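Novice: Give me coordinates for this.
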Amino acid sequence: MQAQDARKLAVARAALAYVPSGEVIGVGTGSTANFFIDLLKSERVSIEGAVASSQATAARLKAHGFDVLELNDVNGLSVYIDGADEFDPQLCLIKGGGAALTREKIVAAASQRFVCIVDDSKRVDRLGRFPLPIEVIPMARSYVARELVKLGGHPVYREGVVTDNGNCILDVWGLDIHDPVHLEARLDQLTGTVCNGLFARRRADIVLVASDAGVQCLQHPAEAVPRQS
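Specialist: Numbering: from 1, shown residues only. Next comes the predicted model:
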């Protein structure tokens, strides 16, 4: 196993401590989330079911025998486990490298606790090294791109990618993200934009970070210890 995969496996295993027994949880999308899904099966973690943030995640959960539920059919979620493309010292995130940002943001918003699982390559002092993904209605792609240029960004159309919602992705380089909360709200106001990949208003409650030295837990002072199964 490569070193990066070993770190992803380690942080996915650490996230199991935050999974309450017998409840419905939210599960994210991406390679680290896939390790988490596989561990749910191999470690025989008892959950009632899961709400998936993408069709790919739903398929993986079903393949392991887990019940996949619609968010509309559950009364909120106790925890959401997902990765990120970047995180900053305030636990704000950039997500969307896997093009699932809209559903990820919805599931995160519906969850009492958002536990983000990453390796230490995702740590930054200021968000923006990774291009910011924005999901856009197809007919608005060029218009939104021009508006993003006015904001100082350099949007690039992610060719060949169609989201689970039938939309396209613009990856925006060069934005000044000194105030992620403000920028997230500003981008939400662009007509034709479905969702942007800044998770600042609903940032992570806990970030588990894997490195060669082990797994570090970063959290806000109000956050409690892991819930016991």
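Novice: Count the neighbours of the residue lying closest to G65 once chain neighbours are set aside for me.
Specialist: Once flanking residues are discounted, G65 sits nearest to K41: 7.1 Å by C-beta to C-beta, 6 or more residues apart in numbering. Using the backbone N, CA and C atoms, a C-beta is placed for each residue, glycine as well. As a burial measure, K41 scores 14 neighbours (other C-beta atoms under 10 Å).
Novice: can you check the one 5 residues further on too?
Specialist: The criterion is other C-beta under 10 Å. On that basis, S46 has 12 neighbouring residues.
Novice: just A6 next, same as before
Specialist: Using other C-beta under 10 Å, A6 is surrounded by 13 other residues.
Novice: In the protein, what residue spans correspond to strands?
Specialist: Per DSSP state E, the chain carries strands over the ranges 24-27, 49-52, 77-82, 86-87, 93-94, 111-119, 132-136, 154-157, 168-173, 193-196, 198-199, 206-211, 214-219.
Novice: can I get the ones you listed in CSV with mean neighbour count?
Specialist: Output for these, formatted as CSV (neighbours: other C-beta atoms under 10 Å):
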stretch, mean neighbour count
strand 24-27, 26
strand 49-52, 24
strand 77-82, 24
strand 86-87, 24
strand 93-94, 28
strand 111-119, 24
strand 132-136, 28
strand 154-157, 16
strand 168-173, 21
strand 193-196, 23
strand 198-199, 30
strand 206-211, 22
strand 214-219, 15
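Novice: Make a markdown table from those strands and add distance to L16 and mean pLDDT to it.
Specialist: A markdown table is the format used below for the strands of the chain (distance: least, C-beta to C-beta, whole Å; pLDDT from 0 to 100):
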| stretch | distance to L16 | mean pLDDT |
| --- | --- | --- |
| strand 24-27 | 11 | 98 |
| strand 49-52 | 14 | 97 |
| strand 77-82 | 9 | 97 |
| strand 86-87 | 20 | 97 |
| strand 93-94 | 21 | 98 |
| strand 111-119 | 10 | 97 |
| strand 132-136 | 28 | 98 |
| strand 154-157 | 37 | 98 |
| strand 168-173 | 31 | 98 |
| strand 193-196 | 29 | 98 |
| strand 198-199 | 22 | 98 |
| strand 206-211 | 11 | 97 |
| strand 214-219 | 11 | 95 |
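Novice: Thank you, goodbye.
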